[in-house]
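Asker: Just to be clear, the model below is a prediction. Sequence and coordinates:
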Amino acid sequence: MPGRRNIWVPSHAKARHPGASWAAWPAVGGAMSEMPAMRAHDDHKPARPEVTAPGLAHAHASVARGSIAIALFLVVAAAHAAGTAVVYQFNHLTSAGEVFFPAAGVTVAALLLVPRRWWPVVLTATFASELIADLILGEVAATAIGSALANTAEPALGAALVLRVTGGCPQLSRRQNLAAFVLGAAAAGPALGALIGAAATRFTHPHGPFHIVFARWWTGDALGVLIVGSVILAWFTHDVRAIRPRYAAFEGGLLAVMTCLVTWLVFWRWHPALAYLALVPLGWAAIRFGTRGATAAGAVIAVLAEWATGTGHGLFAVISRDHDQGLWYLQLFLAVAMLGGLMMAAAIAEMSRAEAALRASETAERDARLEAQQAHTAERTRLARELHDSVSQALFSMTMHASTAQLAMEKAGLVADSPAARAVGRLRTLTAGALAEMRALIFELRPGALAEEGLVSALGRQAAAISAREDVQITVNGPEQRLPVDLTAEEHCYRLVLEAWHNTVKHAGATAIITTIASDGAAVTVRVTDDGRGFDPAAVPPGHLGLRTMRERAAAIGATLDVTSAPGQGATIVLRVPAAQAVPEPAAPSATGPGGGFPA
């Protein structure tokens, strides 16, 4: 094979090539191993020149290329001869034109599969095989030479046109490649071959019908390319299937039996109503097994149909008194059926590729979102850590220093209402509020903080922050153990209570907010009560979305929300959340009381 060489390295180069071995060349290795001893006894003789590694490598490459060329020549010549022999089983001579020429598909497939440097070998094998076959079967020398030229130029043109569009070996599961194969290899190439062959036939048979020979030659070669060439290409290139049957071997065997049975019924036990039943297994194969299945089923149908029609059976054998004309009609039917099966397989493969591309795009988008979310979470974690280690600690230190200053002032005998004492007290209050705000902010920044600490603890932190910032006392009462609700419901409850607090602080003018959380096993009840000015729930002004947002959150977790209020009587909000089956792990106990029991 090209690129795979067994290179012998001489003794003077072994140091540079430690992997070299004499095993592949025992005779040469033995002779070379004896050379030092021979030189010891025959120093007076001139040393024989050694063969260098590059020279041997070039020789080995030449031998490999020659072996490949010979093997390729023999394979193509044998396959072309076999295809030609099939034609003459129906007594078709080149001078009359062939209604089906499988050898055309062999040559064009070989040209599309091998690199261009091997094209001369393929074309030479085709020319020699066709010329020898025609001469053996009694054709005139001029006709045989013209036929050989036609069957050499035809695949060369068809393959060149296909490769100009596809840039490489075509994949018939792609519609563009399939169109290039049909138009270039199965239409344009056979047209050139038919023109050369019909002209050569007219030269040796002046009275022969040129247009009939041209038409039969063209359609025969086109069908050979479409059936035989597509089978070879489909099975020697990558195939994309939209459906991969779970029991592919069983279904494939069942499909083969059905194809043979239906073809036998259609073309041997002829009945007009059964003529197009042959398309059923072809469509099944195209849908379930892609281009490989479609071409294989089409080849089976073509072989059985040709055999039946050639022996006088079936619809196409009786629709015309001319035996060749009946075969020609059969070729048209098979060409349309095969082309339809290939187009169906290619369309399904294109849809499969589009779905795969869509899934890949969705996966990439999901991964990008996940990566962005992870980066966002990492940044929030970093910010929370930085704030805790710097600002939070500084505020805590300021609080301690303020407390120490107050104690020192008391020991020094300064009165509590002196300007200095009031300033230090105010400083302590502001610092404590800032510390509570910072702790609440750190809690919000930490991913999974609510899941770690639970609803009661999280609300306690927020209550401390709001109480320190606003002139309102917020009390949170709740159980120490985790509530029997899932994390999603807990998140919605947390956001809903915060919305209620913010609305109360902003609109109600309340001085106290009491939040009570309880669980009776079947549900969790969250009650928020304030002593504000109250309102009429049925007469909420437009543009106020607080109640609407809370109702949407309650509906999202299957909870009920009741709002009770009246002007001058405060407001009470009751949220009842159904308990989840899986209870979260208990969290650390949380204190209750004003501000949730958290230190200022």
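Answerer: Everything's here; your move.

Asker: What backbone torsions are found at the residue in the chain sticking out farthest from the centre?
Answerer: The C-alpha centroid of the chain is most remote from residue 413, which lies 81.0 Å away (Cα atoms, centre = their mean). Main-chain dihedrals, residue 413, degrees, to the nearest 10: phi 90, psi 10.

Asker: so how far is the helix or strand where residue 59 lies from its chain's centroid?
Answerer: Per DSSP states H and E: residue 59 is located in helix 53-88. On the basis of Cα atoms, centre = their mean, to the nearest Å, the separation between the geometric centre of helix 53-88 and that of its chain is 39 Å.

Asker: Quick one: mean pLDDT for it?
Answerer: The average pLDDT within helix 53-88 is 81.

Asker: Tell me the first helix or strand C-terminal of that helix.
Answerer: Moving toward the C-terminus from helix 53-88, the next element (DSSP H and E) is helix 102-113.

Asker: what angle sits between that following helix and helix 53-88?
Answerer: 150 degrees (axes from the mean of the first three to the mean of the last three Cα atoms, to 10 degrees).

Asker: Mind giving me the packing neighbours of helix 102-113?
Answerer: Secondary-structure packing of helix 102-113 (3 or more Cβ pairs under 8 Å, 6 or more residues apart in numbering; DSSP states H and E): helix 53-88, helix 119-136, helix 141-166, helix 189-204, helix 210-224, helix 230-236. To be clear about C-beta, it is placed using only N, CA and C from the backbone, and glycine gets the same treatment.

Asker: got JSON lines for those helices, with mean neighbour count and distance to residue 529 too?
Answerer: Shown next, in JSON lines, are the helices and strands packed on helix 102-113 (neighbours: other Cβ atoms under 10 Å; distance: least, Cβ to Cβ, whole Å):
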{"stretch": "helix 53-88", "mean neighbour count": "16", "distance to residue 529": "92"}
{"stretch": "helix 119-136", "mean neighbour count": "20", "distance to residue 529": "91"}
{"stretch": "helix 141-166", "mean neighbour count": "21", "distance to residue 529": "77"}
{"stretch": "helix 189-204", "mean neighbour count": "22", "distance to residue 529": "89"}
{"stretch": "helix 210-224", "mean neighbour count": "23", "distance to residue 529": "88"}
{"stretch": "helix 230-236", "mean neighbour count": "21", "distance to residue 529": "77"}
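
Asker: These: which one's closest to residue 106?
Answerer: For these, proximity to residue 106 was assessed by Cβ to Cβ; helix 53-88 is nearest, at 4.4 Å.

Asker: So which other helices or strands are in contact with that closest one?
Answerer: By 3+ Cβ pairs under 8 Å, 6+ apart, helix 53-88 packs against helix 102-113, helix 119-136.

Asker: do you know which of these lies nearest residue 183?
Answerer: Once the helices and strands packed on helix 53-88 are compared by Cβ to Cβ, helix 102-113 is nearest, at 12.9 Å.

Asker: tell me, what residue is most central in the chain?
Answerer: residue 356 (4.1 Å).

Asker: Tell me the spacing between it and residue 491.
Answerer: 36 Å (Cβ to Cβ, to the nearest Å).

Asker: again with residue 576
Answerer: Counting by Cβ to Cβ - residue 576 and residue 491 are separated by 17 Å.

Asker: again with residue 297
Answerer: Counting by Cβ to Cβ, the gap from residue 297 to residue 491 is 57 Å.

Asker: more crowded one of these two?
Answerer: residue 297 (28 against 17; other Cβ atoms under 10 Å).

Asker: so that one touches residue 285, yeah?
Answerer: Yes - between residue 297 and residue 285 there is a contact under Cβ atoms under 8 Å: 3.8 Å.

Asker: Give me the buried positions along stretch 297-316.
Answerer: By 16 or more other Cβ atoms under 10 Å, the buried positions in stretch 297-316 come out as 297-302, 304-306, 308-310, 313-316.

Asker: Just to check, residue 384 is in contact with residue 440?
Answerer: No - Residue 384 lies out of contact with residue 440 (Cβ under 8 Å); the separation is 11.4 Å.

Asker: before we move on, back to that, could you pull out the residues contacting both of residue 297 and residue 285?
Answerer: 255, 259, 341 (Cβ atoms under 8 Å, 6 or more residues apart in numbering).

Asker: State the number of residues packed around the last one.
Answerer: The reference is to residue 341. Neighbours of residue 341 (other Cβ under 10 Å): 26.

Asker: swap in the first one?
Answerer: Applying the criterion other Cβ under 10 Å, we find 20 residues in the vicinity of residue 255.

Asker: and it, what is it in contact with?
Answerer: Applying Cβ under 8 Å, 6+ apart, the residues contacting residue 255 are 281, 284, 285, 288, 289, 293, 297.

Asker: 6 Å instead, please
Answerer: residue 285 (Cβ atoms under 6 Å, 6 or more residues apart in numbering).

Asker: for stretch 217-230, the distance to its chain's centre please.
Answerer: The answer for stretch 217-230 is 34 Å, by Cα atoms, centre = their mean.

Asker: scratch that, stretch 432-444 is what I was asking about
Answerer: For stretch 432-444, the distance to the chain centre is 48 Å (Cα atoms, centre = their mean).

Asker: Return the set of buried residues in it.
Answerer: In stretch 432-444, counting by 16+ other Cβ under 10 Å, buried: 432, 433, 434, 435, 436, 437, 438, 439, 440, 441, 442, 443.

Asker: The fourth one in helix, strand or coil?
Answerer: For residue 435, the secondary structure call by DSSP: H, G, I helix; E, B strand; the rest coil comes out as helix.

Asker: what about the closest residue to it other than its chain neighbours, distance to residue 459?
Answerer: Spatial nearest neighbour of residue 435, excluding adjacent residues (Cβ to Cβ, 6 or more residues apart in numbering): residue 395 at 4.2 Å. For residue 395, the distance to residue 459 (Cβ to Cβ) stands at 22 Å.
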